[in-house]
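requesting a structural model of the entry that follows:
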Amino acid sequence: MSNSNSRNKEVETVHHLTSRIAHRVYFLKECERNDFLEIVRRAADFAGIKLLGWCVMSNHFHLLVHLPERVEVCESEVLRRYGVLKGRAAAEEIEKSFVTWRKDEVNGEARVTAWLESQRRRMYDVGIFMKIVKQWFTEEYNKRNGHCGTLWEAVYHDRVVPFEIKAMSECLGYIHLNPIRAAVTDRFDGYAWSSYAAFCRGDEVAIEGMRFIYGEECSAEEMSQMHEELLECLLEKEKLRRAAEIVRRRAAGYEMPADPLTTEAYLRQAAMRLEEIRLESMRLREERMLPLSRVKKRDHREREVIAALTLNPSADVKDLSNYLAIPVRTAYDLLQKMESKGLVMHTDRGGFWTMLQNRSDLFCRFGDAGKIAKQV
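This next block holds a predicted model:
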C-alpha cells in the first residue's frame, strides 16, 4: 500500500484511515465507541463516501473507505444529506430559510445557490470527511466529559490501498484483527465495534462493504468463509512475527513477558529460524571477508569488536559471537589476541570483556567508536 500523507484526492480510490487519541490514553469507553460509529456513518452518508470496514478501539480507530467519483447533487439530495448530518430539524430550518430567501427576487436565488454550493464542496473529500468526524466527536466528548482541548494525536494517517481484491481484503483483515492482537477477544466476530461483527449481525453497511471487496455475486456465507480463511492466515503470520520478536529480544538479553498470541511451539519455531539466519549470516560474512588480506581482515574484525563493546561494554564471548555472527571459538581467539595488544581487558567477573578506558592510542587507531558502531 502506498503512503498518502499528501492527502490523495483522486477519485475511485480506497483509503485506510487511522487516528489515535492524544497521549495514547484509553478514553473511548463503550458509549463513546457507539457514538463515534454513529458519527462516522452520518458523516459518510453526507460526504458520499462508502464505508467498507471499521474497527474502533479504546484509544484509536481504523476506517476503510471508498472515495467514488464526484457526481452532481441536486437540491433535495443536499438537504437530505444535511439532515442526516445535522438532524432533520436543522434541515427543515434551512428549507424554511430557502422559502424566505426566494421571496427576494434580486438576491434570493443567489443566496440559496451559494449555500448549496458550500455544502457540495464538503462532499466527496476524504480530508473534510475526517475533519467532520474528528471535530464533531471531540465536541460531543468534551461536552459530556468536561474535557478541554484537542482529543486526537496529530491529524490522521491515510494510506491508499490498491484497487484489487487481495490488497483490499488483506487491509480489511488487518483492521478486523485489531481486537485479537490487543487480546480483547479470541473470536473474529467477538468485538462489537468491528465491522466484521456488524457483518455477522446483518448490518447492511457492513454487508455492502464486504460485497464491494469480494464481489457483488458472493453470498454472505461465501464472503464470511473467504474472510475467515484470510483472517486465519493473517493471524498465523502475526503469531510467528511476535514469536520471532520475542526470541530476538531474549537473545539480545531483554526480558520479554509472555504474549497471549504465542505458544512454546511458536517460540521454538522462531528460535530455529533465528539460528538458521545466524548460521547463514556467518557463512555470508566469511565469504565476504575471504578476498581481504589477513591484515585487513584482522583490522576489520577488531573494529567490529570495538563497536560491539561500545554498544555493550559488559558483553561476554557468546554475546560477541552472536553480534559478529562468528563461531564462539573464533570470537574467543580474537579477544585473546586483542587483549595481548592491550585493546580489550578481561575482567574476573564472570568472564566479561570490557574496553580499556582512557586509551588515546586505541581511538587514534580506530577512530571514534560511536561512529564505528553506526557503520556496523
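
show me where the stretch 251-376 of the chain has helices.
Along the stretch 251-376 of the chain, the segments classed as helices by DSSP state H, counting those that start in this stretch run 264-289, 294-311, 317-324, 328-340, 360-366, 369-375.

buried deepest among these, which one?
helix 317-324 (a mean of 19; mean count of other CB atoms under 10 Å). For glycine as for every other residue, the C-beta is placed from the backbone atoms N, C-alpha and C.

restricting to C-alpha, output the one helix or strand Trp54 maps to in CSV.
With elements taken from DSSP states H and E, the one containing Trp54 is strand 50-56. This file holds the C-alpha atoms of strand 50-56, laid out as CSV (Å, rounded to 0.1, in the frame of the first residue of the first chain):
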residue,chain,number,x,y,z
LYS,A,50,-18.7,4.4,1.1
LEU,A,51,-17.8,2.7,4.3
LEU,A,52,-16.1,-0.6,3.6
GLY,A,53,-15.0,-1.6,7.1
TRP,A,54,-14.0,-0.3,10.5
CYS,A,55,-12.7,-1.1,14.0
VAL,A,56,-12.9,1.3,16.9
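
just the mean pLDDT for it, thanks.
Averaged over strand 50-56, pLDDT sits at 96.

one step back: need the helices of the stretch 251-376 of the chain in TSV (columns: distance to Arg33).
Shown next, in TSV, are these (distance: least, CB to CB, whole Å):
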stretch	distance to Arg33
helix 264-289	31
helix 294-311	44
helix 317-324	45
helix 328-340	53
helix 360-366	57
helix 369-375	44
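
let me have those in CSV, extended by distance to Lys86 and mean pLDDT.
Shown next, in CSV, are the helices of the stretch 251-376 of the chain (distance: least, CB to CB, whole Å; pLDDT from 0 to 100):
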stretch, distance to Lys86, mean pLDDT
helix 264-289, 51, 81
helix 294-311, 59, 79
helix 317-324, 62, 81
helix 328-340, 71, 84
helix 360-366, 69, 39
helix 369-375, 56, 36
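
which outside residues touch the strand holding Trp54?
For strand 50-56, contacts defined as CB atoms under 8 Å, 6 or more residues apart in numbering pick out 14, 28, 33, 36-37, 40-41, 44, 61-66, 68, 168, 172, 175-176, 178-179, 191, 193-196, 205-206, 208-210, 212-213.

narrow these to those in strands?
14, 61-66 (DSSP state E).

coming back round to it: among the contacts of strand 50-56, name the buried ones.
14, 28, 33, 36-37, 40-41, 44, 61-66, 168, 172, 175-176, 178-179, 191, 193-196, 205-206, 209-210, 212-213 (16 or more other CB atoms under 10 Å).

need phi/psi at Pro156.
Just so we're on the same page, residue 156 is Tyr rather than Pro. Main-chain torsions, Tyr156, degrees, to the nearest 10: phi -160, psi 160.

pLDDT value on the spatially closest residue to His62 that is not a sequence neighbour, please?
Excluding the flanking residues, the one nearest His62 by CB to CB, 6 or more residues apart in numbering is Ile175, at 4.4 Å. In this model, Ile175 is scored at 96, pLDDT.
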